[in-house]
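> sequence first, predicted model second:
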Amino acid sequence: MNKRLAYLLLNLLLSGTCLPLTISAQISPLINPALLNNKWSARWITCPAAPQREYGVYHFRKEISIETVPANFIVHVTADNRYRLFVNGVAVSSGPARGDLYNWYYATLNIAPYLHPGKNTIAALVWNMGTLAPVAQISQQTGFLLQGNSDIEKSVNTNASWKVLSNEAYHPCSVDNASRLRTYMVIGPGDSLQADKYPWGWEQLSYNDQGWQNAAVLTGPSSFQYGTDNLWTLQPSIIPAMYEQRKNISQIRRVGVKEQSLVLDAENPFTVPANTTVSILLDQGENTVAYPELRLKNGKAASIKVTYAEALMNAAGEKGYRNEIAGKQITGNYDVWVTDGADRTFRPLWMRTYRYVQLDIVTKEDALVIADFYGQATGYPLEEKAKFSSNDASLQNIWQVGWRTARLCAGETYFDCPYYEQLQYEGDTRIQSLISLYVSGDDRLMRKAILDFYHSRVPEGLTQGRYPSNRLQVIPPFSLYWISMLYDYTMYRNDSAFIEPFLIPTTAILNWYEKRIDQKKNMLGPMKWWNFTDWDLTFPSGTPPGATDGNSSIVTLQYVYTLDQAAALFTYFRQTAMAEKYKAIANRLRRSVYQLCFDHTRGVMANTPDKNSYSQHASIMGVLTGSVPGEKSASVMQRVLSDQGLSQATFYYRFYLNLALQKAGMGDLYYSQLKPWRDMITNGLTTFAENPDPTRSDCHAWSASPNYDFLATLCGVKPAAPGFRRVMIEPHLGELTEVRGEIPHPAGVIRVQFNRKGGEGIHGSIDLPAGITGVFFWGGKMRQLVSGSQTIDW
C-alpha cells in the first residue's frame with residue numbers, strides 16, 4: 001500500500017471516531033415558523049371553467065391598499081406549472097423551483113421595496129403547458145397560491161377576491177418534428193402570440209380589470225406536516241432565485257441571403273419595409289440561455305418567427321465550424337409573434353437557448369421597426385470564486401468555455417443540456433456538482449439534486465435516472481452515481497445530518513444489485529432497465545456488452561467502485577457491520593472480474609468473460625477499482641491510451657479516465673489528454689458538446705470536467721478527510737512549468753502556486769484556511785501541511 005492511500009484510509013477511519021453533527025440552514029430565514037407547522041389561510045385558486053390539465057395561460061390580479069409601507073412585506077408564492085409575479089408592474093419573482101407533487105416548492109420574498117402608500121397591484125402570469133409541458137415539469141393542474149407571512153401581509157392571500165383572465169392570445173407552436181430537429185427534444189413548446197388579443201398593461205395598477213372573473217378556489221394548501229387529500233405538498237425552496245441580466249443580441253450576420261456585419265440595438269433600429277418578406281440572422285457570439293426580449297414598433301399584423309439554434313447546419317445536417325454561416329441554415333425551436341402596430345416588447349414564457357437567432361419577418365401594409373433585441377440571461381446564480389492560471393495561456397480558454405458550459409446547465413436543477421432536454425441525470429450531475437463545489441463553493445444546488453433523486457425512488461429501491469421527470473426512466477448505473485454523490489458531499493462538506501438519512505436508500509440500491517450477482521461467476525448477471533454507461537459508438541444505446549444479458553465487467557466494476565464508497569460512508573457513520581459487508585462483496589467481485597475478464601495477451605480488461613469485445617471503459621474501471629493489480633495498472637493505462645482497437649470513451653467518461661490515470665500514478669498525463677477540448681474550441685464551439693461531432697447538443701455539462709480537473713488534478717487539491725477538514729495536495733503538472741489556483745473551501749480559500757524546479761523538483765507556496773491542515777505529495781515524498789502559508793521547495 002502506498003503512502004497516499006494509507007494516509008487517506010487512516011484519516012477516513014479517524015474521522016469516524018469524531019462525528020460532529022451540523023445542519024445547514026437552507027430555507028429562508030424570512031419564513032414565519034408558524035407557516036411551517038400550521039395551516040395556511042390562503043387558498044389555491046384557478047380560472048373558473050378552464051380546462052385544468054390542458055394548455056392555458058392566465059393572468060391573476062389583486063388590488064390592496066396600505067397606509068404606510070412597512071420595512072418588510074413577506075410573501076410566499078408558487079403555482080402549477082409556473083408563474084411570474086409582478087408588484088405594481090415590476091417583475092419580482094419567477095418559479096417555482098422544479099420538484100414533484102410531494103415536494104412542491106414555494107419562494108419567499110420581501111416585496112416591500114416595490115410597494116407604495118395607497119393602492120397597489122399584485123399580479124401573476126400563470127401558465128400550464130398541459131401535455132406539451134417539458135418532461136422535467138411534473139404537474140397536478142393549473143393553480144396559483146400566494147400567502148402573506150403574517151397579519152401584516154394577509155391582504156394579499158389568494159382567495160375568491162382575486163381576479164383572473166384566460167389569455168386567448170397564446171397558442172403552442174414549435175411542436176413539429178422538424179423544429180424538434182428530429183431528435184429527443186422535451187423542453188416544452190414555443191409561444192405563438194397574437195398581440196391584438198393580449199391584455200397589454202394587465203400587471204399595472206392603472207389597468208381596468210372590471211371584465212375579469214373572480215378566481216375559483218381549489219383547495220387549502222398542504223405542507224409536509226399534514227394533509228389528507230393533498231394536491232400539492234408544499235416545501236420551502238432550498239435554492240436561491242434564478243438571476244436575470246441583460247445581454248444584447250446585437251450582431252446581424254445575414255439579411256436575406258446576403259452576409260452582413262450590422263448592429264441591432266436601441267441606438268441602431270432596423271426597419272423592414274411594408275409588404276416585405278425577409279430573414280435576419282443574428283449571432284450572439286456565444287451559446288446563451290436567456291429570455292429573449294424583442295421590442296417592435298408599427299408594422300400592424302406583421303408576423304415574426306423567431307428561431308433559436310446552438311449552431312447552423314448545412315444541407316447534409318452537419319454543423320462543422322460553428323462560426324461559419326455560408327451555405328448553412330437555421331432549424332430548431334421557435335416562437336411566432338404577430339404584431340398589433342403598437343410599441344410592444346415580446347418575451348417568451350420560458351427561457352430559450354441559442355447562439356444564433358433568426359427573425360423571419362412578413363410585413364403587411366405598414367413598415368415594421370425592430371427597435372431593440374436583447375436577452376435576459378438567466379440561470380442559477382453560480383459565482384466564479386475559484387481562480388486558475390498556468391504558463392499555458394490556452395488553458396484559460398478551456399476554463400472559460402467550461403465554466404460557461406457549467407453555468408448554462410444549471411438552473412432550478414442541473415441540466416444535462418439546456419437546448420434539448422433540461423433534465424437532471426445522476427451521471428451528469430455528479431460531475432456538475434463537483435464543478436460547482438470547486439469553482440463557486442456553492443453546494444445548494446447539489447443538495448437539491450441529492451434530494452431530487454432521493455424523491456425519485458421506485459418501489460424496487462432504485463432512483464430514477466433523471467428527476468424531476470413526468471416520464472419514468474430508470475438507469476441502474478445512475479443510481480450508483482447517486483451514492484457517489486453522497487460520498488462526494490460527505491468528503492467536501494461537514495453536514496452529516498443531511499447525509500445520514502440517505503444510508504437506508506443507499507442500502508436499498510446496493511441490495512438491488514446484490515440480488516443480481518451471478519453466484520457462479522461472481523459478476524453481475526442480467527440487468528433490467530437501461531444500463532447506460534457512455535455514448536461509446538460500439539455500445540448499443542450506450543449500453544455495454546453484458547450489461548443486459550449478464551456479466552458486464554464495466555457495470556460490475558462500477559458496482560464495486562460504489563461499494564467501496566459506500567463502505568467508507570458506513571464506516572464514517574459507525575455502521576461497521578454494513579461497511580464490512582460491502583467491503584467483502586466488493587473484494588469478491590473485483591477479484592472475479594480480473595480472473596474472468598482480464599486478457600493477459602492483450603494487457604487490458606475485456607468487456608465480458610467471452611473476451612470478444614474491448615473498450616477503454618473496462619480497463620478504466622479495472623484500474624480505478626483496483627481489480628487490476630497495482631503493479632499492472634500503469635501498463636494497462638498505457639494500453640488504454642495507445643490501443644486504438646479499444647472502443648473509445650467520450651468526453652463524459654474521460655472524467656473517469658483521468659481518475660484511473662491518477663490511481664495508476666500517471667496523473668501527469670492529464671495535461672496531454674486535453675486535445676478533445678482544444679479541438680472543440682478550434683471548431684468554434686463556445687460551450688463544450690455532448691459528444692464528438694456529429695453531436696446533438698453543443699452544450700453538455702458532463703463535458704465541462706476540466707474546470708474540476710484544473711484545480712483537483714493540475715493543482716492537485718482534494719479532501720483528505722470527510723468534511724474537507726484535511727486537505728491532500730498532489731499537483732500533476734505534466735508538461736506545464738507553472739500553475740496557480742484558488743479554491744473556495746468552507747473555512748475560507750485554499751491558495752496554491754507551483755513551479756517546476758529542474759527535471760523533478762518543485763518550488764511553490766500553499767496557503768490553507770484557519771483550522772485546516774493537510775498533506776503534500778510530490779515525487780513519492782510526503783510533507784505535513786499546517787494552517788496558513790508555507791513554502792514548498794523540493
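All right, it came through fine.

> export stretch 322-342 as PDB, just CAs?
Provided in PDB are the C-alpha atoms of stretch 322-342 (Å, rounded to 0.1, in the frame of the first residue of the first chain):
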ATOM      1  CA  ARG A 322     -19.500  26.900 -35.700                       C
ATOM      2  CA  ASN A 323     -18.500  30.500 -36.700                       C
ATOM      3  CA  GLU A 324     -19.100  29.800 -40.400                       C
ATOM      4  CA  ILE A 325     -22.600  30.700 -41.800                       C
ATOM      5  CA  ALA A 326     -22.000  30.400 -45.500                       C
ATOM      6  CA  GLY A 327     -24.100  27.600 -47.000                       C
ATOM      7  CA  LYS A 328     -25.800  27.000 -43.700                       C
ATOM      8  CA  GLN A 329     -29.400  27.400 -42.500                       C
ATOM      9  CA  ILE A 330     -31.100  27.500 -39.100                       C
ATOM     10  CA  THR A 331     -33.500  24.900 -37.800                       C
ATOM     11  CA  GLY A 332     -34.800  24.500 -34.300                       C
ATOM     12  CA  ASN A 333     -37.100  25.700 -31.600                       C
ATOM     13  CA  TYR A 334     -39.100  28.800 -32.400                       C
ATOM     14  CA  ASP A 335     -41.700  31.400 -31.300                       C
ATOM     15  CA  VAL A 336     -44.200  33.300 -33.600                       C
ATOM     16  CA  TRP A 337     -45.300  36.800 -32.700                       C
ATOM     17  CA  VAL A 338     -47.900  38.700 -34.600                       C
ATOM     18  CA  THR A 339     -47.900  42.500 -34.000                       C
ATOM     19  CA  ASP A 340     -50.800  44.900 -33.500                       C
ATOM     20  CA  GLY A 341     -48.900  48.100 -34.700                       C
ATOM     21  CA  ALA A 342     -48.200  49.500 -31.200                       C
END
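
> list the buried ones in that stretch?
322, 325, 328, 330-341 (16 or more other C-beta atoms under 10 Å). (Glycine included, C-beta is placed from N, CA and C.)

> for the closest residue to residue 100 other than its chain neighbours, helix, strand, or coil?
Counting by C-beta to C-beta, 6 or more residues apart in numbering, the nearest residue to residue 100 once its immediate chain neighbours are dropped is residue 138, at 4.8 Å. Classification of residue 138 by DSSP: H, G, I helix; E, B strand; the rest coil places it in coil.

> next up, the contacts around residue 138.
With contacts defined as C-beta atoms under 8 Å, 6 or more residues apart in numbering, residue 138 is in contact with 98-101, 468-470.

> save these as CSV, and put in distance to residue 367 too.
Output for these, formatted as CSV (distance: C-beta to C-beta, whole Å):
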residue, distance to residue 367
98, 42
99, 47
100, 49
101, 50
468, 46
469, 46
470, 45
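
> now the residues you listed: which count as buried?
By 16+ other C-beta under 10 Å, the contacts of residue 138 give 98-100, 468-469 as buried.

> farthest-separated two in the residues you listed?
99 and 469 (11.5 Å; C-beta to C-beta).

> can you list phi and psi of residue 219 for me?
Per-residue torsions, residue 219: phi -170, psi 170 (degrees, to the nearest 10).

> so how far is stretch 604-612 off the chain centroid?
Its chain's average C-alpha position is 35 Å from that of stretch 604-612, according to C-alpha atoms, centre = their mean, to the nearest Å.

> which strand residues bridge residue 309?
Following DSSP bridges, residue 309 is listed with bridge partners residue 356.

> hmm, residue 330 and it touching each other?
Yes. With contacts counted by C-beta atoms under 8 Å, residue 309 reaches residue 330, the gap being 4.9 Å.

> so what sits against both of the two?
356, 358.

> which pLDDT does the model give residue 20?
pLDDT for residue 20: 30.

> excluding chain neighbours, what is closest to residue 656?
Residue 656's closest residue in space is residue 620 (C-beta to C-beta, 6+ apart), at 5.3 Å.

> how close does that neighbour sit to residue 533?
The gap separating residue 620 from residue 533 is 11 Å, by C-beta to C-beta, to the nearest Å.

> okay, these two: which has more neighbours?
residue 620 (30 against 26; other C-beta atoms under 10 Å).

> now, the contacts of residue 138 that are in strands?
In strands, defined here by DSSP state E, there are no members of those.

> could you dump those to TSV with pLDDT?
Shown next, in TSV, are those (pLDDT from 0 to 100):
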residue	pLDDT
98	98
99	98
100	98
101	96
468	98
469	98
470	98
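
> of those, which belong to helices?
Residues of these located in helices (DSSP state H): none.

> out of those, which comes closest to residue 369?
residue 98 (37.8 Å).

> residue 492 touches residue 433, doesn't it?
No. Applying C-beta under 8 Å as the test, residue 492 and residue 433 come out as separate, 9.1 Å apart.

> export only the CA atoms of stretch 174-182, formatted as PDB.
Only the C-alpha atoms of stretch 174-182 are listed here, as PDB (Å, rounded to 0.1, in the frame of the first residue of the first chain):
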ATOM      1  CA  SER A 174     -42.700  24.600 -32.500                       C
ATOM      2  CA  VAL A 175     -44.000  21.100 -31.700                       C
ATOM      3  CA  ASP A 176     -43.500  19.600 -35.100                       C
ATOM      4  CA  ASN A 177     -40.800  17.000 -35.800                       C
ATOM      5  CA  ALA A 178     -38.700  19.400 -37.900                       C
ATOM      6  CA  SER A 179     -38.500  22.100 -35.300                       C
ATOM      7  CA  ARG A 180     -37.600  19.400 -32.800                       C
ATOM      8  CA  LEU A 181     -34.600  18.600 -35.100                       C
ATOM      9  CA  ARG A 182     -35.900  15.000 -35.400                       C
END
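
> for that stretch, buried residues please.
In stretch 174-182, counting by 16+ other C-beta under 10 Å, buried: 174, 179-181.

> dump the residues you listed to TSV, plus pLDDT.
Below are the buried residues of stretch 174-182 laid out as TSV (pLDDT from 0 to 100):
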residue	pLDDT
174	97
179	83
180	89
181	91
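
> now the lengthiest helix in the chain: mean pLDDT?
Longest helix of the chain, by residue count under DSSP H: helix 576-597. Over the span of helix 576-597, the pLDDT mean works out to 98.

> same question for stretch 51-65.
97.

> got it, and stretch 483-503?
98.

> quick one: residue 349 is in a helix?
No. Counting by three-state DSSP, residue 349 is not found in a helix; it is coil.

> which stretches of the stretch 201-350 of the chain have low pLDDT?
In the predicted model, the stretch 201-350 of the chain carries pLDDT under 70 at residues 223-226.

> show me what the host helix or strand of residue 397 is packed up against.
Residue 397 is part of helix 394-408, with elements assigned from DSSP states H and E. Counting contacts by 3 or more C-beta pairs under 8 Å, 6 or more residues apart in numbering; DSSP states H and E, helix 394-408 packs against strand 277-298, strand 387-390, helix 426-439, helix 675-682, helix 706-709.

> could you give me the buried positions within that helix?
Residues 395, 398-399, 401-408 are the ones in helix 394-408 that count as buried (16+ other C-beta under 10 Å).

> looking at the contacts of residue 138, which is nearest residue 161?
residue 101 (26.9 Å).

> my read: the closest one touches residue 231, true?
Yes. Contact criterion C-beta under 8 Å: residue 101 and residue 231 qualify, at 7.5 Å.

> mind listing the shared neighbours of these two?
residue 140.

> residue 769 - how many residues pack around it?
Residue 769, neighbours per other C-beta under 10 Å, totals 17.

> can you tell me the closest non-neighbouring residue to it?
Nearest to residue 769 is residue 748, by C-beta to C-beta, 6+ apart, at 3.1 Å.

> how about residue 212?
Nearest in space to residue 212, with sequence neighbours left out and distances taken as C-beta to C-beta, 6+ apart, is residue 163 at 4.0 Å.
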